[in-house]
Each structure stands twice: as C-alpha cells, then as structure tokens.
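>>> got a structure for you, letters missing:
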C-alpha cells in the first residue's frame, strides 16, 4: 500500500477542460487519489504545457476551443511523447447518440487516444482506469 | 439537362479530335442525378492557352495532357489549384509517366487516363468525374444552405446545455458524499458555482427563445414607432443591478430627446440589452459605459463604448458566431451563452437591413456601432 502511494505521488496528470467547474472537480478527484495535477482551460494553454513538460498521463475534454480539441491535443502529445497515455473525456455519446469508441488497432492508431470515457464517470472507475494506464 | 464545359488540352491534334468525337454525342446519366449531363467541348494545344481560357470562361472539367510544348500539365494543375477554380482536372498521360500521374493526383488532379485509351475507357472516366463534380457541388450547396451549420448549431447547443448540468451534478455528488469533509464552509464555493451555472443556463435558455422567435418567423413582428432613447433608458434600468455589483456607470446620450424608428420593440430591446449588458459585464471595476444614439441622413447610429478589458484582433474575428465566448484569464468569471451578439447581428442585418461593427483595444475597451436605416425595416 505504502509502495503504491509512493509511485502515485511521483506521477503528474495533465487535465484540459474548458469548463472550469469540471476542471476543478476532476482536479480535486485526481489529487485525492494522490497524483500531481496540472490543469489547462484551453487548447492553447494545454499545447503550451505539452511543449514545456512531459506529464505521465493526460485527460482531454473533446470539445474545447475547437470541436475536436481533444483529438488535436492527443495528436500533439503523442507526437512528442508517444509513451504517455491519453484519456479523452467526452459527453459525445449523450450529446449526439453516436457511440464513440476505438475498437480496432487501426482506429486506435488513427485517433491516438488510449481510452474514451464518458463524462460524469465515478471517481473509483476513473481511478481504476488511470492506474491501469500507468501500471501502478 | 445540364451541360458541362470541358477543356481539352493536348498538343496532339489527333488526341483532341478523338476526344471531341467520343464526347460530343455522349451523355452521363445516373439514377441519383437529377439530370442528364452532356459536354460542351473546347480544344487548345498549350498550357498557356489553357490558363487563358480557364481565366476567361467557365470550365467544369479539364482533360490535361502533361507533356505540352511550353509549360507542363503539372504547372497548369498547380495554377488551377492555387486560384481555386471550381473545376475538376483529369490528366491524360502515357504509362511511361506514371510517376507524374501519381504526383498529379497528389496535387489535386481528380484522376488520370493513361494513353492510349479506348473510347469506352474515356467514357467511364468521364462518368466518374461527372459524378464527382456533381457530388462536390451538391455538398457545397448543402453547406451553403445552412443544413450543415444547423447540425453544427444543434450539436453545440446540446453540448452547451449539458455542460452546466454536468458541472452542477458533479458538485452535488461531491456534497452528497461529503468528499471535502464535514465542514459546511468548505462547500460554500461549490454552492456559489452551482448558482452561477444555473444563472448561465437561464441566460442561455432566454437567448435561445429570442433566437427561435427570430428564426421561426412565426412571431408576427409588430412594427410601431419606437423611441430608441427610451429603450436605452429602460435597458439602463434593467442592467443596473449588474452595473451596481460591478461598480460600472452607464451613461446615455442622444442627439435629440427622442429618436424614432419604425421597429419591433422587443427586437430593439434585445439589441440594446445585449450591447449594454456586455459593456457592463466585460468592464473593469469603476468603469464606464457610454451609449450614444445619433440620427443623420436617414441613418440611426447607436454606439456603445466601454472602458473594459477589450479584445484582440483574433477574438474580434470570431465574435459574432454562435456560441462564441472569448476565453481568457480576464473573462473566466463572466458567464454568458455565447449567443447574444450572434442574435444582435441577426436582428440588425436581417430585420433592419443595418450593420454592426466593433473596434477594440485590449485593456482599454471596445466600441460597438449599430447602424439602422430609418425606413428600411424589412
């Protein structure tokens, strides 16, 4: 348990969401899991952070300044740091009825994100997904 | 029946006349096409001549040989792409220059027919290119018709409606589970944010109602003699709670005591309300808002100037779009639907044949100017 926390403590997660409230909530949840958190409110801000430092994992909202900001960010991040896992958080399914998942390796390589999570995910589920992606 | 203009560019006269012979009696007809397409053919023998023709008359399809005496086919293609002419290019090449053909396709040529080709091969290629051109133009029409933008609008709208609900739900769950401990004071910020988001949602719904009323056209617009100076004063009263809270003074000034326009009162209220409340919202503590109404040569000019945070040129270019909100450090605490200015613009332009402009300097303020022709209410 102690060992686990120690690994968690050294990991930093980048969260980008243009909704300040969602950003605060996510950030509080993830901090309480023991991770370090960097936040960005716009695609631009997130891009700047990506240029300056390497997070251990990133969570991007899909629709920000652009309708596909999440994809753009995940592309930018993966190009610079191919090993950093990306979660795209989206309300797209409930917004449009389009089920949005990458199943095949080909789809995954194309959209360059490791997980698609619906917004409003329970903190425990989110923690499980993050820890799985980080192998901690 | 529609006719497509085809330009044949080849220095070999045999090829040109062959193509003309095959295509002059040929028509393209598909089940999904509304009409049959025939071809009106023009021939030329050099790239230079081709460009002159493309520049001077409508051309839908270019059949382009690459090996020409002067400039190459590839150069002609590049010229067409650069100038964005609405035409499709099909390269005519020999197998030996397959590399070139591939390069051409990459440069935007629709396809290529290898020389020598049979009449049947040429016809098949023409069928394909016609279909492609037709679909390309149909898609463009759809976009122009606003169907695409309608879909965009609805999908962004549902996103905008859902965001505050998600945020509020998140806070409520945090509170329900006492995630921040048992001290009630620690939840104060969350409660305030919930109230703020609900306010924002109400604004969005009100703005949406304005917009649907405008767009449905069902609402009978009631044109009466409206005193703009009076509406400006009423608006000042409406925004005064917000102005007091932000410590902003609103000043109304006009050329005359009353300035009349034949207009729909509700629409004029929307214009003033959006401009003045924005000028208050995006102002600084202790700032001013100057609203001036002037009449000159059949034109009414409403100017709303603030001493607020201002905008960059990049912000200005996006300002009047649906759901556009300028996001930065200075605007983060300000709520809004992102619809107000888009609605204002619609009313000014579509209902009154007027115009709206904005100038702005970051950290100094913005000035919105609305011009309404006195008798031009549509």
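Received it, and whenever you're ready, just let me know what you need. Keep in mind the model is a prediction, meaning the values are calculated, not measured.

>>> tally of neighbours for residue B:5?
Around residue B:5 there are 17 other residues, counting by other Cβ atoms under 10 Å in any protein chain shown. C-beta here means a position set from N, CA and C on the backbone, and glycine is covered the same way.

>>> so who does it touch?
By Cβ atoms under 8 Å, 6 or more residues apart in numbering or on different chains, residue B:5 lies in contact with B:39-40, B:42, B:57-61.

>>> list the contacts of the residue of chain A at minimum distance from chain B.
Across chain A, no residue is closer to chain B than residue A:21, which sits at 3.6 Å (Cβ to the nearest Cβ). Residues in contact with residue A:21 (Cβ under 8 Å, 6+ apart) are B:167, B:170-171, B:193, B:197.

>>> select from the residues you listed the one having the most neighbours.
residue B:167 (26 neighbours).

>>> quick one: that one is in a strand?
No - Residue B:167: not assigned to a strand; according to DSSP: H, G, I helix; E, B strand; the rest coil it is helix.

>>> point out where the chain drops to low pLDDT.
Assuming you mean chain A. Within chain A, the stretches with pLDDT under 70 are A:1-7, A:67, A:91-112.

>>> you answered for a different chain; I wanted chain B.
B:1, B:31-34, B:94-98, B:101, B:138-152, B:155, B:215-220, B:376-378.

>>> what's the closest non-adjacent residue to the residue of it found nearest chain A?
Closest to chain A within chain B is residue B:167: 3.6 Å, counting by Cβ to the nearest Cβ. Take residue B:167 and drop its neighbours on the chain: the residue closest to it by Cβ to Cβ, 6 or more residues apart in numbering or on different chains is residue A:21, 3.6 Å away.

>>> how far away from the center of its chain is whichever strand or helix holds that neighbour?
Assessed by DSSP states H and E, residue A:21 sits inside helix A:20-32. Put simply, helix A:20-32 sits 12 Å off its chain's centre (Cα atoms, centre = their mean, to the nearest Å).

>>> what of stretch B:300-307?
When distances are taken as Cα atoms, centre = their mean, stretch B:300-307 is centred 25 Å away from the chain's centroid.

>>> so does the helix or strand hosting residue B:130 get close to chain A?
Secondary structure from DSSP H and E places residue B:130 in helix B:119-145. No - judged by Cβ under 8 Å from any Cβ of the partner chain, helix B:119-145 and chain A are separated, with a smallest distance of 15.6 Å.

>>> quick one: list the elements packing against that helix.
Judged by 3 or more Cβ pairs under 8 Å, 6 or more residues apart in numbering or on different chains; DSSP states H and E, helix B:119-145 is in contact with helix B:13-24, strand B:27-28, strand B:37-44, strand B:61-65, strand B:88-94, strand B:111-115.

>>> hey, which of those is tucked in deepest?
Most buried of the helices and strands packed on helix B:119-145 by mean neighbour count (mean count of other Cβ atoms under 10 Å in any protein chain shown) is strand B:61-65; its value is a mean of 25.

>>> neighbouring strands of that strand in the sheet, and parallel or not?
When pairing is defined by DSSP bridges, strand B:61-65 lines up against strand B:2-9 (parallel), strand B:88-94 (parallel).

>>> counting neighbours, what do you get for residue B:211?
Counted with other Cβ under 10 Å, the neighbours of residue B:211 add up to 21.

>>> wait, it touches residue B:339, no?
Yes - if you go by Cβ atoms under 8 Å, residue B:211 and residue B:339 touch, sitting 6.2 Å apart.

>>> am I right that residue A:87 sits in a strand?
Yes - judged by three-state DSSP, residue A:87 forms part of a strand.

>>> am I right that residue B:304 is in a strand?
Yes - counting by three-state DSSP, residue B:304 falls inside a strand.

>>> state the distance from it to residue B:248.
The gap separating residue B:304 from residue B:248 is 13 Å, by Cβ to Cβ, to the nearest Å.

>>> with residue B:84 instead?
In terms of Cβ to Cβ, residue B:84 sits 47 Å off from residue B:248.

>>> okay, those two: which has more neighbours?
More crowded of residue B:84 and residue B:248, by other Cβ under 10 Å: residue B:248, with 24 against 7.

>>> list the contacts of that one.
Contacts of residue B:248 were listed using Cβ under 8 Å, 6+ apart, and they are B:280, B:283, B:285-289.

>>> confirm that residue B:204 sits in a helix.
Yes - under three-state DSSP, residue B:204 sits within a helix.

>>> test my guess that it contacts residue B:159.
No - Residue B:204 lies out of contact with residue B:159 (Cβ under 8 Å); the separation is 11.3 Å.

>>> quick one: the strands in the chain?
I'll assume chain A. A:12-16, A:36-40, A:57-61, A:86-90, A:115-118 (DSSP state E).

>>> that answer is for a different chain, and I need it for chain B
B:2-9, B:27-28, B:37-44, B:61-65, B:88-94, B:111-115, B:223-227, B:249-254, B:260-264, B:288-296, B:299-306, B:355-361, B:365-373.
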